[in-house]
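Trainee: Generate coordinates for the sequence data below:
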Amino acid sequence: MAANTLSRITRGTGPALVLAHGAGGGAEANWGTLIGPLAEHYSVIAPDYPGSGGSPVEEGPLDLDDLADRVVATAVEEGHDSFDLVGFSLGAAVSVRAAARHPGRVRSLVLVAGVAEATSHIRLVVDALLAAERLSPELWGRFNLAFAFGSEWINRHSPAELTLLAKAVAAGTPAGLRQQFELVTTVDVSGDLAGITVPTLVISATADTLSVPAQHRRFAERIPGARLLELASGHLVTVERGPELLAAVQDFLAARHR
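Mentor: Residues are numbered from 1 along each chain as shown. Here you go, the predicted model:
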């Protein structure tokens with residue numbers, strides 16, 4: 001693999017669809033359950049940021065412009081001049097920046113539980129998560145669960161189940177966790193939003209305590225013509241509301257490709 005090339009999952013045939021994951025996640029971790037169904041109708045390209053999946057950790061901080069360019073490059077390298085783009089959490093900011101920098105390539109956007117701007121709240125949450133990660137893997141896993149999921153989802157699981165989940169989260173922590181979360185603390189795509197001209201669906205997680213619903217609404221309110229869909233979920237919508245999320249993405253894309 002060439003220098004600065006991101007590893008990626010590729011599957012399916014049809015119109016190109018790029019999936020941009022969140023901080024501390026990865027192509028498989030964030031999109032695994034959706035890739036198969038989407039690949040029945042689309043050429044799915046799901047890149048891994050540096051330090052996730054098969055993409056090695058790189059020296060120095062991550063840069064939003066560079067990451068957006070490299071996500072776009074994964075589709076071009078796979079032979080697609082244009083594509084639809086779905087971004088989760090940090091991936092929503094990456095997707096907006098990609099659309100702003102490459103307007104001829106991005107056909108449409110789906111922004112899921114996105115981060116539009118690094119507020120004091122987000123920086124405080126990230127500081128707490130990274131402090132927990134420094135102290136112990138299990139503590140990091142528990143903190144991650146507390147912010148990644150809504151209280152209703154958590155309350156449906158026993159303490160023993162949550163302990164196992166926390167250990168699984170800790171075991172799956174990507175090497176690029178810190179760099180990716182540190183990028184979250186610098187994100188601000190507010191200035192890009194008014195210039196986005198492609199059809200956009202914003203999916204808000206109403207019980208999100210990491211990137212709160214006000215962040216999601218900012219995308220919907222400032223991107224011209226954007227449509228807002230609310231799902232009762234914590235931040236990790238792909239787990240809590242996977243079928244509903246899949247249906248929303250499929251319906252949006254199907255209308256675009258009739």
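Trainee: Distance check, the most centrally placed residue in the chain against residue 128.
Mentor: Centrality entry for the chain: nearest residue to the mean C-alpha point is residue 88, 2.3 Å, by CA atoms, centre = their mean. According to CB to CB, to the nearest Å, residue 88 and residue 128 sit 21 Å apart. Where C-beta positions appear, they are placed from N, C-alpha and C, glycine not excepted.
Trainee: circling back: quick check, the residue nearest to the centre of the chain in contact with residue 239.
Mentor: No: using CB atoms under 8 Å, residue 88 is not in contact with residue 239; the gap is 11.1 Å.
Trainee: Checking residue 197 next. Helix, strand or coil?
Mentor: For residue 197, the assignment made with DSSP: H, G, I helix; E, B strand; the rest coil gives coil.
Trainee: Pull the number of nearby residues for it.
Mentor: Counted with other CB atoms under 10 Å, the neighbours of residue 197 add up to 12.
Trainee: Over to residue 104?
Mentor: Around residue 104 there are 7 residues (other CB under 10 Å).
Trainee: Residue 148 now?
Mentor: Counted with other CB under 10 Å, residue 148 comes out at 24.
Trainee: was I right about it contacting residue 211?
Mentor: No: shown here, residue 148 and residue 211 do not form a contact pair, counting by CB under 8 Å, at 10.7 Å.
Trainee: Give me the common contacts of these two.
Mentor: Common neighbours of residue 148 and residue 211 are listed as residue 235 (criterion: CB atoms under 8 Å, 6 or more residues apart in numbering).
Trainee: Tell me where the protein is predicted with low confidence.
Mentor: Along the chain, segments meeting pLDDT under 70 span 1-4.
Trainee: one more time with 80, if that's ok
Mentor: Within the chain, the segments meeting pLDDT under 80 span 1-4, 258.
Trainee: Where do the strands of it begin and end?
Mentor: 8-11, 16-20, 43-47, 83-88, 106-112, 200-205, 227-231 (DSSP state E).
Trainee: Can you add distance to residue 245 and give these back as TSV?
Mentor: Below are those laid out as TSV (distance: least, CB to CB, whole Å):
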stretch	distance to residue 245
strand 8-11	18
strand 16-20	12
strand 43-47	15
strand 83-88	9
strand 106-112	7
strand 200-205	7
strand 227-231	7
